[in-house]
Structure formats: C-alpha cells, structure tokens
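Trainee: Give me the fold of what follows.
(3 chains)
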Amino acid sequence: MTTEAEATPRGLAIICYSGELEKTWAAMILASTAAAMGMPTKVFVTFWGLQTFVKPEKRVTGKNWMQKMLSIMSRPGIAHRKLSKMNFLGMGPWMMFQLAKQYGVSKPAELLEAAAAMGVEFVPCQMTMDMFGLTREDLIDGMGEPVGAATYLSYVAEGSAPIFI
Amino acid sequence: MTTEAEATPRGLAIICYSGELEKTWAAMILASTAAAMGMPTKVFVTFWGLQTFVKPEKRVTGKNWMQKMLSIMSRPGIAHRKLSKMNFLGMGPWMMFQLAKQYGVSKPAELLEAAAAMGVEFVPCQMTMDMFGLTREDLIDGMGEPVGAATYLSYVAEGSAPIFI
Amino acid sequence: MTTEAEATPRGLAIICYSGELEKTWAAMILASTAAAMGMPTKVFVTFWGLQTFVKPEKRVTGKNWMQKMLSIMSRPGIAHRKLSKMNFLGMGPWMMFQLAKQYGVSKPAELLEAAAAMGVEFVPCQMTMDMFGLTREDLIDGMGEPVGAATYLSYVAEGSAPIFI
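Mentor: Next up, the predicted model:
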C-alpha cells in the first residue's frame, strides 16, 4: 500500500452518469485533480452524462423521433447542464457561475479541457450512443472509442478505484 | 495487479440504493456484466432500491398505515420504476423501452434474471425491510438473507470495489 | 487480502455530496458502521452535503446576497434535510422518523454523533465553503480542517475505498 503505490499510483475509474450541472462539476473536479496528481484516470461517460459531451453547436441529436425528442426536452452540451434543484429557469446556474468566478473556481467546461490536456481518457458508452442515436461526430473532439460496461469493469478489476457520479 | 488479479478476480460490491428506472438499469448492467466477466458480485439492496425487488404481483406492502401509504405512493416492482426526469406519466419509460428493444438492449428485469443466473447475490437490507414493513415473502425469489451495513462493508474490507448507485 | 487486511483494515473514503435526507442517512449509517468495524473512515463533505453540517441554530449563512439566498431556499442543518421524493411539505420525513423510532433505527444526527465519537473524520471541502460563503464557525464542532479534492483523492490513492453518496 506504500512502496507499490508510490511506484505506480492507483488509477481512478469514474462513471460520469448524471447530466446535472453540479454532478458534472464534481466529476470534472475529481478527474482533473486526479490527473494533476498523476493518477491514471478514465471517465466512462454514460446515460444522461453522455449528453454533456455533445458538441456545443449541436441542438437536436438522434436518428428517430423519440431520440430527437429526448434531445429537445433536455438540451445537450456542457454549457446547458441544469442544477438538480433550485434551477429557477437558469437563475440557479447563473448564480453558481457568478460565485465560481468570484472565488476562482473553474467552470466544468474549463476543467474538462484541463483534464483532457493532462491525459484523462473520456470514453463514451456504446449502448447509450445507440439508445440516444448519437454518433461520434455528435461528440466533442478527443473522446476515446465507444466501449461497453465490460471495458469499464476491466479498469476496476485491474485495481482502479470506481466512483459513480 | 496482473498475476494475482488473474487468479482471483476482484469482487464488486454494488449498493443498489435508488429506485429510479435508469439507475436500476445501470446497476443491473454492471452486475450482469461483472458476473459474465467472472467477478464475484454482490448487490446490497437498500432504501428505495429494495422496492424494485418486490414481487410484481404485490400492490400494497407494509404492516402499518405509514408503510402501506409509502407503497401506494411509489408502486413497488421492477416493472414500475420511473425515470428521474422526463417521466411524463410513463411516456419517458415507454420511449426508453422502445429504444432499448430497437437496439437490442435488455430490460432491467431481464438483466436481473441473467445476473442471478450467473451467480450475482442480491442481499436485502434488514433495516430497510423493517422500516418499510417488507417481509421476505414480499421480495422476489432467490434473494439472500437480509443483512446489515456491516455485512456489506465486510465485502469492501476484504477488497471488493464498492459502487453506490 | 486476508492477513494484511486483518492487520490494517482497509479505509473508507466517503464523499458526502448530497444534502437529501435519505442519502445523508445512508452516508451516516455507512460511516458509523465502518468506524465500529475498525475501518479508518473519512467523510469528505462537499456541495449540498456541506449544508447538512451547518450548526442547527444558523438560519441564514453566506456573505453576499447570492449565498444568503441559497441558504434561505434550502435551509441548512442536519435536522432540515428533505426527502428526494415524497417530501409532502415535511410529512414524508416525519413518517420516516416515526418508522425509524418504531424500529429502533438511529436518526442521522445521532449517527453523526456516534460516528464522530468513534473517530470518523469529517472534512469540509474548501471550495464549497468559498462558494457558499461558509465559515468554520458556521459548521458544527469537531470537523477537520477544510481541504481540497486532492486531499480526498490522496486517501483513495493510498488504498481507501471511495463511495460517492
């Protein structure tokens, strides 16, 4: 737990499941901090979380009407995450961003960029892409190949610490 | 981390806490995939999550009026889980199931069956059973003996990776 | 995994992120049980979770109007947590506490006290304190020094099992 851990730091295997603003923030803070500490970090992006990683210019995604409707009801992109409570038609997030700015806290989009630059691997969930009708072209640049739950679990089986957010 | 891991794969200790459709889905996907990969997998079923494991034919559960009211307000059973958002009186889940069918994704109930068949142990939380007035007869067949948090934590203490969903 | 684990039990590193009543309960049950089992347990208290650890007599917290408004919209303190669903203007939590009393389940506040007495370290997140305008004087007695995500992740890097609640 000491010598070996110093030689190869333990990995972190985050499941970015939620699409909520504050949980996206938590996931990005943990991922970027872990990378800065030299922990090999992977983020498996699935379900509502995958909508966060859609390119900001995409407004409607999906191939059939159900998928299109899902993207219309819940606008994709990291800049459009909502708070799980006290959203108040956008006033809650606005206040959060004001406070973050005032206290020098990076926004989720900035943390994502920093995390990617430090080597965090963002891996989309194939099953979610199928169900939501998302293509690789819909997602932001720099993401890994879509994989399944088995690939995620192989990180855990090899010793990485799982965190489900 | 390689030879040893190949000898005895690391265990997975899921806490199935949420009763929401999409989180139930996530828990069942992880449990069944882990079992298929040979990871010894236990699912500690607690709080809202335990309602998912009530037999489908049970409509009202509980011994006193408060417990009965809780089961009336939130119908138990894996077929009656609701989405955390965009539920739209059942239209959201219906769309999800349509999309799942179209893309060959198994429903939570099917994944639960597969997971149990592959040896995943589903262990109900004794305290939740007491508080909700649930008996073992209320729960689906094949679940383990009700246990407390200490039993769950003993899996983690022995090295299994915890995931709280 | 056996001899070594018996010598030094594995640590538990809980992120207490949610401010909801039932998740606060889950975090306190896990923390107090782990401590009773001799697992070195730390609870990193962040985001909505930090509001739970504000002193009960504090009604409004924060330095500027946005921070004050946040504390007014969501009253801080462990006695004022709401259920994530079926809150019914306080009737849901009242029923939960009635049932807990009837079945001998300790309330979150009692579990917190027990956990602290058994050596669980509750560590507030510095960034959350900044954003919500909370001072150490606002928080209940006995909490550790405010730290950042890097300190939390160092527990995980050293082998503690992470649980995000």
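
Trainee: Could you point out the helix or strand that follows the helix or strand of chain A with the lowest mean pLDDT?
Mentor: Here the helix or strand of chain A ranked lowest by mean pLDDT, DSSP states H and E is helix A:3-7, holding a mean of 49. Scanning forward in sequence from helix A:3-7 by DSSP states H and E, the next helix or strand is strand A:12-16.

Trainee: next structured bit after that next one?
Mentor: helix A:21-36.

Trainee: How about the next helix or strand after that next one and chain B, touching?
Mentor: As assigned by DSSP H and E, the chain's next helix or strand after helix A:21-36 is strand A:41-45. No - judged by CB under 8 Å from any CB of the partner chain, strand A:41-45 stays clear of chain B, getting no closer than 10.4 Å. C-beta here means a position set from N, CA and C on the backbone, and glycine is covered the same way.

Trainee: Pairing partners for strand A:41-45, with directions?
Mentor: According to DSSP bridges, strand A:41-45 has the following sheet partners: strand A:12-16 (parallel), strand A:121-124 (parallel).

Trainee: any idea how far residue A:72 is from residue A:59?
Mentor: Per CB to CB, to the nearest Å, residue A:59 is found 8 Å from residue A:72.

Trainee: Over to residue A:99?
Mentor: Residue A:99 is 30 Å from residue A:72, by CB to CB.

Trainee: more neighbours, those two?
Mentor: residue A:99 (19 against 13; other CB atoms under 10 Å in any protein chain shown).

Trainee: If I follow the layout properly, the more buried one ends up in contact with residue C:69?
Mentor: No - taking contacts as CB atoms under 8 Å, residue A:99 lies outside contact range of residue C:69: 10.9 Å.

Trainee: and for the two, which residues touch both?
Mentor: With contacts defined as CB atoms under 8 Å, 6 or more residues apart in numbering or on different chains, no residue is adjacent to both residue A:99 and residue C:69.

Trainee: For the closest residue to residue A:126 other than its chain neighbours, which residues are in contact?
Mentor: Excluding its sequence neighbours, the residue lying closest to residue A:126 (CB to CB, 6 or more residues apart in numbering or on different chains) is residue A:146, at 4.0 Å. Applying CB under 8 Å, 6+ apart to residue A:146 gives the contacts A:123, A:124, A:125, A:126, A:129, A:136.

Trainee: If we use 6 Å, what do you get?
Mentor: A:124, A:126, A:129 (CB atoms under 6 Å, 6 or more residues apart in numbering or on different chains).

Trainee: out of those residues, which is most surrounded?
Mentor: residue A:124 (24 neighbours).

Trainee: That residue bridge partners, please.
Mentor: residue A:45.

Trainee: from memory it sits against residue A:45, does it?
Mentor: Yes - if you go by CB atoms under 6 Å, residue A:124 and residue A:45 touch, sitting 5.2 Å apart.

Trainee: Any chance you could note which residues of chain A sit beside chain C?
Mentor: Selection of chain A residues close to chain C by CB under 6 Å from any CB of the partner chain yields A:1, A:9-10, A:22, A:29-30, A:33-34, A:86, A:95, A:99, A:103, A:105, A:161, A:163, A:165.

Trainee: among those residues, which two are most distant?
Mentor: Farthest pair in the residues of chain A next to chain C (CB to CB) is A:1 and A:95. Separation: 42.3 Å.

Trainee: So these two - more neighbours on which side?
Mentor: Counted by other CB under 10 Å, residue A:1 and residue A:95 do not tie: residue A:95 has more neighbours, with 19 against 14.

Trainee: Once you drop chain neighbours, what's closest to that one?
Mentor: Nearest one to residue A:95, counting by CB to CB, 6+ apart, is residue C:66 at 4.7 Å.

Trainee: same check, this time on residue A:21
Mentor: Nearest to residue A:21 is residue A:81, by CB to CB, 6+ apart, at 3.7 Å.

Trainee: roughly how far apart are the one you found and chain B?
Mentor: Residue A:81 sits 13 Å away from chain B, going by CB to the nearest CB, to the nearest Å.

Trainee: Please look at that residue and residue A:24 and confirm they touch.
Mentor: Yes - using CB under 6 Å, residue A:81 is in contact with residue A:24, at 5.1 Å.

Trainee: Buried residues in stretch A:140-149, which are they?
Mentor: By 16 or more other CB atoms under 10 Å in any protein chain shown, the buried positions in stretch A:140-149 come out as A:140, A:143, A:146, A:147, A:149.

Trainee: hmm, I was thinking of stretch A:51-68
Mentor: A:51, A:52, A:53, A:54, A:58, A:61, A:62, A:66, A:67.

Trainee: Contacts made by that stretch with the rest, please.
Mentor: Residues contacting stretch A:51-68 (CB under 6 Å, 6+ apart): A:19, A:24, A:45, A:71, A:76-79, A:132-134, A:138-140, B:95, B:99.

Trainee: what is the mean pLDDT for that stretch?
Mentor: Mean per-residue pLDDT for stretch A:51-68: 89.

Trainee: first to last residue in that stretch, what's the distance?
Mentor: From its first residue to its last, stretch A:51-68 covers 12 Å (CA to CA, to the nearest Å).

Trainee: Check stretch A:46-60 too.
Mentor: Across stretch A:46-60, first to last residue, CA to CA, it's 18 Å.

Trainee: Just give me how far that stretch sits from the chain centre.
Mentor: Centroid separation for stretch A:46-60 versus its chain: 10 Å, with CA atoms, centre = their mean, to the nearest Å.

Trainee: now stretch A:125-144
Mentor: Per CA atoms, centre = their mean, the centroid offset for stretch A:125-144 relative to its chain is 12 Å.

Trainee: Can you say which of the strands paired with strand A:41-45 is nearest to residue B:111?
Mentor: In terms of CB to CB, the element of the strands paired with strand A:41-45 nearest to residue B:111 is strand A:12-16, at 16.6 Å.

Trainee: how about low-confidence regions in chain A?
Mentor: Applying pLDDT under 70 to chain A flags the ranges A:1-8, A:88-89.

Trainee: Now with 80, please.
Mentor: Across chain A, residues meeting the criterion (pLDDT under 80) sit at A:1-8, A:73, A:84-92, A:95.

Trainee: how about the residues of it that lie near chain B?
Mentor: Residues of chain A lying near chain B (CB under 6 Å from any CB): A:47, A:66, A:73, A:127, A:130-131, A:149-150, A:153, A:156-157, A:159, A:162, A:164.

Trainee: and of those, the nearest to chain C?
Mentor: Comparing the residues of chain A next to chain B against chain C with CB to the nearest CB places residue A:164 closest, at 6.2 Å.

Trainee: Tell me how many other residues crowd that closest one.
Mentor: 26.

Trainee: if we can go back for a sec, would you mind finding the most buried of the strands paired with strand A:41-45?
Mentor: strand A:12-16 (a mean of 27; mean count of other CB atoms under 10 Å in any protein chain shown).

Trainee: So which residues make contact with that one?
Mentor: Contacts of strand A:12-16 (CB under 6 Å, 6+ apart): A:27, A:31, A:34, A:39, A:41-45, A:49, A:155-156, A:160-164.

Trainee: returning to that earlier point: now the contacts of residue A:146 in TSV, with distance to residue C:116?
Mentor: Converted to TSV, the contacts of residue A:146 look like this (distance: CB to CB, whole Å):
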residue	distance to residue C:116
A:124	42
A:126	45
A:129	45
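
Trainee: measure the residue nearest to residue A:126 to residue B:43 for me?
Mentor: 26 Å.

Trainee: Next: residue A:44.
Mentor: 19 Å.

Trainee: higher neighbour count, those two?
Mentor: Shown here are residue A:44 and residue B:43; by other CB under 10 Å, residue B:43 has more neighbours (30 against 26).

Trainee: Can you give me every residue that contacts that one?
Mentor: So residue B:43 contacts B:14, B:16, B:31, B:122 (CB under 6 Å, 6+ apart).
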